[in-house]
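Visitor: Sequence first, predicted coordinates after that:
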Amino acid sequence: MILVTKKKVLFGLCLAGILLVAGLTLGLPALRAPAPPETQPATGPLAGKTILIDVGHGGIDSGANTKAGFLEKNFNLQVALVLKQILQSHGATVLLNREADIDLSGVDPNHPRRYRLDMKNRVDWATKNPGELLLSLHMNATRSSRVRGAILLYHPKTPYTTQSRELAHILQKELNGLYARYAQAQEIYRHQPVTGDFFVLKYAQMPAVIIEKGFVTNPNDRTLFEQPQFRQTLAEQISQGVIRYFNEKPAAETWATPASEPVIPDQKNPRGKLAIVIDDFGNYAGGTADMMAINRPMTMAVMPFFEDSPATAQKALNLGFEILVHMPMETIQVPVAWYGPRYIATGMPREQIAALFNDAKTIMPYAVGVNNHMGVTISLDEAVARTTLEEVKKHQWYFLDSLTIPNSVFAGLAREVNLPFIQRDVFLDHNVTSVADVKNQLQLAGRVALKNGKAVAIGHVGSHGKITAQAIKEMIGPLEEMGVDFVYLSSFFD
C-alpha cells in the first residue's frame, strides 16, 4: 500500500520549485499577451468554457530533475500542449501561459527575486485572462523512490475553495484510476487531494488546482512520461475529469437539502475522519453505478464469487476506490441463497476456509482487507472465527467486523492472533427507506467521527443502493464544512 502524507507532498513540491509566498506586490511589466486562441468548434461538452493552463517552470527553471536529464519543465509543456488540443476538441477555449521553453519571470536569471516574479507574473496572466478554470501542471518529488502517481492540490481558503475542492476530487479519481492500469506488483493508488497555501491557487480569480502529474523521483513514473501514448492518455483523463466537473450538478444544488440535526464538532477534536464502506457489490447489485460516481474516498466491499465480481472489483479499483473482500458467512433466519455461491459455514475445516480466501485473492489480488457478509452464526463460533482471522492474516489483510451481532467474538480473537482489526460504528441504511433517513445516519456517523476522531459507517448497494448513494452525495458538503474528512478504511491502520 502506498499512501503519501501531506508532509511528503509539501517536501516534493519544494523540490519541484513551487514557491509558497503571499502578499507579493512587486510592480512588473505585463507579460506579453498570448496568441489568440484557435477557432473553436461551436458545439461540445465544453463549448463556451475558457480554461487556463499554467505550465509549470520553464527556461532557466527546470523544476524537479534527475542527473540523467529528466526535466520537469519539458514534460509539463508536452502534456499541456496535448491537453490543449483535447480540450479544444471538446469545444473549450484554452489559454497557456507558455507554449515554449521560456522563463516567465521577465528578468535576468541571476535576479534575486526571479522566482517570486515568475509566480506573480503567472497570477497576473490569469487575472488578465479570466476563465472558468485554472489547471496548473507540475510534477512531484520526494525522498522515497517508491512513491508514485498523481496528486491534486487546492487552496483551503479562497472564494473558490468549494469548487476547487470538487474539481480536485474529480481529477484525483480520474488519475488514480489511470495509474492503477500501470501498477506494478503490490502498488495501489489511493492518493487524495491535499490543501496548501500555494501562491497561484491563492490569488487565482477562479476555481484552480495544481495537478502533480507524477513523481520525478520514481523510475516507473519517469518511464511512463517518456512515452507519448501515456502523455496522451493522461491528458485525455484530465479532460474527462474537466467535462465531469462541468456536467455534474453544482455543489450548491447538490448539498442544499439539510438533514434534521446540525453536525456539531467536538472542540477537543475539531476534525474527524469518516470511512464509508459500501457492502454487497457483485451479482449486478442495484445502485452500483451511482456509488461509483461519488467523488470521495470510499471502500468498496465486493462479494468474490459472483459472475460479475472480478469486473466490478476491477472497475472500482480503476476509479480509485479501495477494495475489500466481502466474504459471505453463515448467519441465521435468512435464505441460503443470500449467501452467494460460496460461504464460510459452521464446522468448516481449515483447508476449505483457506481455499475460499485463496480463491478470493486470485479474483481480487489488489484487495487490502476483508469484512463479513452477514455471518451472525460465525460471529459466535470461536473455532471457525479464529480460523477465519488466521487465514485473513496470512494474506496480510486487515479485518472489518460489520457487527451483525453485538456480542461478536471477532474483536477478542483478532487481538489474540495480532491482526489489524476495526469495527463498524454506524449502519447507514439498515431498516431505513428514504434519502432523509440515510442522511440522518450520516449525521450520526459524522458526530461519532468528530467526537472520537474517526468513525466507520457501512452502507449497501442493492435494493436501497440508489437511495444511499444519493444521501452520501447530498451530505458530502455539510459534513466537510463541519470538519469531517472522508478517508479510506485503510488509513486507520497507517
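Guide: Alright, I've got the coordinates.
Visitor: Does the longest strand seen in the chain pack against any helices or strands, and if so which?
Guide: Across the chain, the longest stretch assigned as strand under DSSP state E is strand 272-281. Packed against strand 272-281, as judged by 3 or more C-beta pairs under 8 Å, 6 or more residues apart in numbering; DSSP states H and E, are the following elements: strand 299-302, helix 309-318, strand 322-329, strand 369-374, helix 435-452, strand 454-460, helix 465-481, strand 484-487. To be clear about C-beta, it is placed using only N, CA and C from the backbone, and glycine gets the same treatment.
Visitor: Distance from whichever helix or strand comes after the third one to the middle of the chain?
Guide: If I follow you right, that is strand 322-329. The C-terminal neighbour of strand 322-329 among helices and strands, as given by DSSP states H and E, is helix 350-363. Helix 350-363 has its C-alpha centroid displaced from the chain centroid by 30 Å (C-alpha atoms, centre = their mean, to the nearest Å).
Visitor: Tell me the buried residues in helix 350-363?
Guide: Buried residues in helix 350-363, counting neighbours by 16 or more other C-beta atoms under 10 Å, are found at Ile353, Ala354, Leu356, Phe357, Ala360, Lys361, Ile363.
Visitor: Just give me the closest of those to Gly286.
Guide: Comparing the buried residues of helix 350-363 against Gly286 with C-beta to C-beta picks out Ile363 as the nearest, at 21.7 Å.
Visitor: Surely the closest one touches Met303?
Guide: No - between Ile363 and Met303 no contact is recorded; they are 10.1 Å apart, counting by C-beta atoms under 8 Å.
Visitor: Need the overlap of contacts for the two.
Guide: Taking C-beta atoms under 8 Å, 6 or more residues apart in numbering as the contact criterion, the residues that touch both Ile363 and Met303 are Ser309.
Visitor: Name every strand pairing with the longest strand of the chain and say which way it goes.
Guide: Using DSSP bridges, the strands paired with strand 272-281 in its sheet are strand 299-302 (parallel), strand 454-460 (parallel), strand 484-487 (parallel).
Visitor: Using the three-state scheme, assign the residue nearest to the spatial centre of the chain.
Guide: Nearest to the mean C-alpha position of the chain, counting by C-alpha atoms, centre = their mean, stands Gln192 at 4.2 Å. Counting by DSSP: H, G, I helix; E, B strand; the rest coil, the backbone at Gln192 sits in coil.
Visitor: tell me the contacts of it?
Guide: Applying C-beta under 8 Å, 6+ apart, we find Gln192 in contact with His169, Gln172, Pro297, Val487.
Visitor: Next: Leu134.
Guide: When contacts are counted by C-beta under 8 Å, 6+ apart, Leu134 is found next to Ile51, Leu52, Ile53, Asp54, Ala126, Val200, Ala204, Met206, Pro207, Ala208, Val209.
Visitor: is it true that it lies in a helix?
Guide: No - the assignment for Leu134 is strand, going by three-state DSSP, so no helix is present there.
Visitor: what stretches of the protein score poorly on pLDDT?
Guide: Flagging of the chain using pLDDT under 70 yields the residue ranges 1-42, 185-189, 249-269.
Visitor: mind listing the helices for the stretch 51-200 of the chain?
Guide: According to DSSP state H, counting those that start in this stretch, the stretch 51-200 of the chain carries its helices in the segments 72-89, 114-128, 161-180, 199-203.
Visitor: And these: which comes nearest Thr468?
Guide: Counting by C-beta to C-beta, Thr468 lies closest to helix 161-180 out of the helices of the stretch 51-200 of the chain; the figure is 18.9 Å.
Visitor: and the closest one, what other elements does it pack with?
Guide: Contact partners of helix 161-180 among helices and strands, from 3+ C-beta pairs under 8 Å, 6+ apart: strand 151-154, strand 208-215, helix 228-247, helix 251-254, helix 309-318.
Visitor: what's the closest of those to Ala64?
Guide: With C-beta to C-beta as the measure, strand 208-215 is the member of the helices and strands packed on helix 161-180 nearest Ala64 (8.6 Å).
Visitor: Sheet partners, orientation included, of the closest one?
Guide: Counting by DSSP bridges, strand 208-215 is paired with strand 133-140 (parallel), strand 151-154 (antiparallel).
Visitor: So which of those is nearest Gly477?
Guide: When the strands paired with strand 208-215 are compared for distance to Gly477 using C-beta to C-beta, the nearest one is strand 151-154, at 14.9 Å.
Visitor: Now the helices of the stretch 51-200 of the chain in JSON lines, please, with extra columns for mean neighbour count.
Guide: Written out in JSON lines, the entries for the helices of the stretch 51-200 of the chain read as follows (neighbours: other C-beta atoms under 10 Å):
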{"stretch": "helix 72-89", "mean neighbour count": "21"}
{"stretch": "helix 114-128", "mean neighbour count": "19"}
{"stretch": "helix 161-180", "mean neighbour count": "23"}
{"stretch": "helix 199-203", "mean neighbour count": "21"}
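Visitor: So for Ala469, which of these sits nearest?
Guide: Shortest separation from Ala469 across those is recorded for helix 161-180, at 14.9 Å, computed as C-beta to C-beta.
Visitor: gap between that closest one and the chain center?
Guide: Using C-alpha atoms, centre = their mean, we find the averaged C-alpha position of helix 161-180 to lie 6 Å away from the chain's own average C-alpha position.
Visitor: next one: stretch 292-303
Guide: Here stretch 292-303 shows a centroid-to-chain-centroid distance of 10 Å under the convention C-alpha atoms, centre = their mean.
Visitor: do stretch 239-246 as well
Guide: On C-alpha atoms, centre = their mean, the centre of stretch 239-246 falls 15 Å from the chain's centre.
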